[in-house]
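Peer 1: just a sequence and a predicted model for now, questions to come.
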Amino acid sequence: MNQKTKIMNWSKKNNQLEKSYVMDDFKQAIQFVNKVADLAEQKEHHPSIHIHSYKNVDIRLTTHDQGNKVTEIDQEMSREIDEIKKQM
Ligand SMILES: C[C@H](O)[C@H](O)[C@H]1CNC2=NC(N)=NC(=O)C2=N1
């Protein structure tokens, strides 16, 4: 297995699930991030989020309370974030 393993359409690297999304424009990127923020608050599980190049959103998921490891909650959240994107 190579260092960067594909899990669904997320990459697993350095004990994090990572995915980059390209939105239509800056406003949509902000809206997407706000929806992910609502989910994070609901689940009390908070991803690292990087908005850059005006419409690109990079998301990284890991569980700090488990020593920064990818857990079932990260897997679950990755699916839910994909669903948020799908519904936009
Ligand atoms: C008390 C609170 O629920 C915890 O500290 C939560 C907050 N958000 C979190 N987010 C992430 N990504 N990992 C955690 O372990 C975590 N723990």
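Peer 2: Nice, thanks for sending it over.
Peer 1: what residues of stretch 37-56 count as buried?
Peer 2: Within stretch 37-56, the residues scored as buried using 16 or more other C-beta atoms under 10 Å are 39-40, 45, 47, 51, 55. C-beta here means a position set from N, CA and C on the backbone, and glycine is covered the same way.
Peer 1: endpoints of it, how far apart?
Peer 2: One end of stretch 37-56 to the other measures 16 Å (C-alpha to C-alpha, to the nearest Å).
Peer 1: list of residues touching it?
Peer 2: 16, 20-26, 28-30, 33, 36, 57-61, 63, 73-74, 77, 80-81, 84 (C-beta atoms under 8 Å, 6 or more residues apart in numbering).
Peer 1: out of those, who's near the ligand?
Peer 2: Among the contacts of stretch 37-56, the ones lying near the ligand by C-beta under 6 Å from any ligand atom are T63.
Peer 1: please pick the buried ones from the contacts of stretch 37-56.
Peer 2: For the contacts of stretch 37-56, buried by 16+ other C-beta under 10 Å: 16, 21, 23, 29, 33, 36, 57, 59-61, 63, 73-74, 77, 80-81.
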